[in-house]
Structures are given as C-alpha cells and as structure tokens.
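[1] Build me a model from this:
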Amino acid sequence: MQHADEPTLRRRIYEIIEVGRGESPASRIFDFTLVVLISLNVLAFCLETVPSVEAEWGVWLRWFEIFSVIVFTIEYALRLWTAVEVRMLSRLPSWRARLTFALRPVLIIDLLAILPFYLAAMFGIDLRALRAFRLFRFLKLTRYSPAIHTLLRVIANEERSLAGAFMLLIAALLFFSTGMYFIEGSIQPEKFGTIPDSAYWAITTLTTVGYGDVAPITPLGKIWASLTMVCGLCVLALPVAIIASGFATEVGRHDFVLTWSLMSRIPLFADLESDEIARLMPLLHAKSISPFVEVIPDGAPGEAMYFVASGHVRQTLSEDLAHDYRVGDFFGVTAMLDDARNKGSYRAVTRTRLLKLYRDDFLQLQVAAPPLADHVRRVSGARKAQLEAQERIAASRTEPR
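    Predicted coordinates for the structure are as follows:
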C-alpha cells in the first residue's frame, strides 16, 4: 500500500518544491522559509567573523549551522528524489534522470552549500578554507529571485560578446604595460623593471583605480599613463554596456523565473532534449497575468502564440461559444501562423502565468527544434478545422427555419 502511494506523495512534493512558486499555500510557505533561512545563514556567516559576537553567541551560531545544514540536506535530497517527476527526464532510467538533474547549475550550488560541513566532519578538522563555500547559500536565492536569475541568463547569453571584451582588455593590458616598461623600466627598475611589474600598474590604471603606489615620473610616462586611463574608460565600458543592454532586454521578457520544472508542465516541451530546451528558453517571454485581464483582444493581429504555464484562460467567441485553456495548453497559434487576426477575446479567468512566443522567434524555433515546430503546425491545423466546424454548427442553430 505504501509503495502504491509513493508516486502520489512524490508528485505532490515535486509540485510544492519545484513547480509551485507561490501558487499554493504549501509552496508559498516552503519558498518563504527557505529564503528566510538562506538570508539568516549569510548574516550568521558574517557575524561569526566578529570576535565579540563569536565569543558570546558562537555556540548558538554553530547549532544554527547544524540546523541549517539538516534543512538544506533534506531539501537537496527531496529535489533529487522528485527529479523523476520532471517530464523531460521521465523517459530516462531513474538513476540517470537524477544524475542529469543533479548536474544542473542550481543543484550544484545546492550541493556546494552543504558540502563544506560534511567534509569538515569527515576529516575531523576545521577546514576554514572550505567554510567560505557557505556563501554559495546566497546563490540559492537565484532559484527564487527573477532579477538574479535574469542576470545569470544575460551573462550566459552574452558569453561571446563578454569574451571579446575580455580579450580586448587583455590586449590593452599587454600594450600599455609593455609601453611603460620601455619608458620607465630603466628609471624605476623596482617598479617597472619587468613587463609583469608594469602589468600591475597597467591594470590599476586601466580600471581607473590608481592606488598611487606605482606611478610614472617622466613626462613621457605621464602622457602614456593619461592615454592608458582614457583607453581604460572605453574598454571597461564595453562589458558594462553589454550586460546593461542584455539585462534590460531580459527584464522585459520575464516576469517570473522560467525553469525546467515549469516548462515540463507543458506537454509540448516534455520530449525535448536539454540542449533544445536551452535554445528555446531565451525565445520565450514569461508574463504574469492578473485575473479578468484581457490577454488578446478580439480582432488583434496574430503576432504571437501563448503557452499556459499555470492558471486558466478563456476564449469567448460568442455568448454560447467559448474555449478554455488550462495548464499545458497553448492558443493564438492559428492566427500567428496564418498572419491573420485572432477570433474572439482571450481573458485570464484566474491568476495566470503565460509563456509568449513571437512569430519571428517561432521561425528560430523551426531551426532549433523542427519536430516541435511541425507538431505546433499540425495541432494548429486540427484546431482551425475544429473551430470552423463549431462555428458552422453555431451558425446553423441561429438560422431561421
């Protein structure tokens, strides 16, 4: 009997810790408790370095550390246990599904947050260097913070651009440190006698920090330092502009954190591979819609399709004809593919989370995941035929006899 109930219990826990995101009282309590516990852990880690606090409250802080590790360990174990409920991993053997899930960045952060405690206990010594890994608990907040999640996504999306900016910084560093070596090396050999010594001055000058402990004294050296500072302003502005631009774009895309678990609620995405999911997620716009808010007005251009991640949307065609879309359904696809106008008004019945895919991004999806795009087109054709049949039936009922 217990074995038969296990999948139901596991599914319920999965819905609370991975998918819920505040949709139910249990998920709200779970998320709030973990956010508070993570914040208190970061505070406790900082307070431990204060001698007066450590002397008076050290014992209580250590007991709090033990309690926190127990809670985080249970959380980590539950996430691994429920990993087989992720529809994208359900077709894999249980061990492989859990291993795949454990190798995700957020799960690696969860592991690093508790690993120092167990290593210290196993080796029987105070591994102070490993205690710094407790700060990884702060990164656990990325699971609950759309802002931090968005920033990490921007860094990942702009990887090539940031790498190019970094290479430009390295080139400027080598160029200006070499120039200063030839200009001041013979005059200040203790400071500029080698290119590595000059590189220290160059990096502090390029970043406009300028500690003042190493400075040129010749007129040519001062001119070279001025050029270095001006170049530093230009070089360092590149990564800042790249991240700022990407962050602004991503903020407009996502009102909530978009995760594997959330996307797995949509059957259309369940059979995608992890690399296909990685290509698809940046194309989706995550939007939270309040109850009774109109998502698509009647007659609006079909510029995008929508996937229902949570909640309930109703399409009203007439007084006696309506369609309901719930978790896993999608709508707006027929008008988008036909470049036509939407029929009827789409309105959120409850608080709803939608994933929006624009037409131009759908064309990219055809390249990233052709089977998915083909399936969308087939469903769209079937739905269009069904809708036309329903409209003919409704029209025949209203015709005078």
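[2] What is the distance between stretch 165-179 and the centre of its chain?
    32 Å (C-alpha atoms, centre = their mean, to the nearest Å).
[3] List the buried residues in it.
    By 16 or more other C-beta atoms under 10 Å, the buried positions in stretch 165-179 come out as 165, 168-169, 172-173, 176-177, 179. Every residue, glycine included, has its C-beta placed from N, CA and C.
[4] tell me the mean pLDDT over it?
    Averaged across stretch 165-179, pLDDT comes to 91.
[5] what's the helix or strand for Ala237?
    Using DSSP states H and E, Ala237 sits in helix 219-253.
[6] nearest to Ala382, of the buried residues of stretch 165-179?
    Nearest to Ala382, judged by C-beta to C-beta, of these is Ala165 at 48.3 Å.
[7] Show me the helices in the stretch 251-400 of the chain, by range?
    Along the stretch 251-400 of the chain, counting by DSSP state H, counting those that start in this stretch, helices occupy 260-263, 274-280, 333-338, 359-368, 370-398.
[8] still on that earlier bit, mind checking which of the buried residues of stretch 165-179 are in helices?
    165, 168-169, 172-173, 176-177, 179 (DSSP state H).
[9] okay, now the domains of the chain?
    Listed domain ranges for the chain are 2-144, 159-253, 265-398 (source: automatic domain parsing).
[10] what stretches of the stretch 1-150 of the chain score poorly on pLDDT?
    1-7, 19-23, 124-133, 145-147, 149 (pLDDT under 70).
[11] If you count contacts, what does whichever strand or helix holds Glu190 end up packed against?
    For Glu190, the host element (DSSP H and E) is helix 189-192. For helix 189-192, the packing partners by 3 or more C-beta pairs under 8 Å, 6 or more residues apart in numbering; DSSP states H and E come out as helix 159-184, helix 195-206.
[12] Pipe the ones you listed into CSV and attach distance to Leu43 per row.
    Listed next are the helices and strands packed on helix 189-192 as CSV, based on distance: least, C-beta to C-beta, whole Å:
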stretch, distance to Leu43
helix 159-184, 32
helix 195-206, 33
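[13] Of all those, which one is nearest Thr249?
    helix 159-184 (12.7 Å).
[14] Which elements pack onto that closest one?
    Using 3+ C-beta pairs under 8 Å, 6+ apart as the test, helix 159-184 ends up in contact with helix 189-192, helix 195-206, helix 219-253.
[15] Would you indicate which residues of stretch 84-100 are buried?
    In stretch 84-100, counting by 16+ other C-beta under 10 Å, buried: 84-89, 92, 97-98, 100.
[16] which one of the residues you listed sits closest to Leu115?
    The closest of the buried residues of stretch 84-100, once distances to Leu115 are taken by C-beta to C-beta, is Arg98, at 17.5 Å.
[17] distance of that closest one from Ala83?
    5 Å (C-beta to C-beta, to the nearest Å).
[18] what's the angle from the helix holding Ala237 to helix 159-184?
    170 degrees (axes from the mean of the first three to the mean of the last three C-alpha atoms, to 10 degrees).
[19] From the chain's centroid, how far away is helix 219-253?
    That offset, for helix 219-253, works out to 26 Å (C-alpha atoms, centre = their mean).
[20] how about the helices and strands packed on helix 189-192, which one is nearest Thr350?
    Across the helices and strands packed on helix 189-192, closest to Thr350 is helix 159-184 (C-beta to C-beta), at 38.1 Å.
[21] So what's the gap between that closest one and the chain middle?
    31 Å.
[22] got it, and stretch 180-198?
    For stretch 180-198, the distance to the chain centre is 45 Å (C-alpha atoms, centre = their mean).
[23] same question, stretch 365-383
    Distance, centroid of stretch 365-383 to centroid of chain: 25 Å (C-alpha atoms, centre = their mean).
[24] mean confidence for it?
    Stretch 365-383 comes out at a mean pLDDT of 73.
[25] circling back to that earlier point, highest mean neighbour count out of the helices of the stretch 251-400 of the chain?
    Stretch with highest mean neighbour count among these: helix 260-263 (a mean of 21; mean count of other C-beta atoms under 10 Å).
[26] Now distance to Gly381 too, for the ones in helices among the buried residues of stretch 165-179, in JSON lines please.
    JSON lines is the format used below for those (distance: C-beta to C-beta, whole Å):
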{"residue": "Ala165", "distance to Gly381": "46"}
{"residue": "Leu168", "distance to Gly381": "50"}
{"residue": "Leu169", "distance to Gly381": "52"}
{"residue": "Ala172", "distance to Gly381": "56"}
{"residue": "Leu173", "distance to Gly381": "58"}
{"residue": "Phe176", "distance to Gly381": "62"}
{"residue": "Ser177", "distance to Gly381": "64"}
{"residue": "Gly179", "distance to Gly381": "66"}
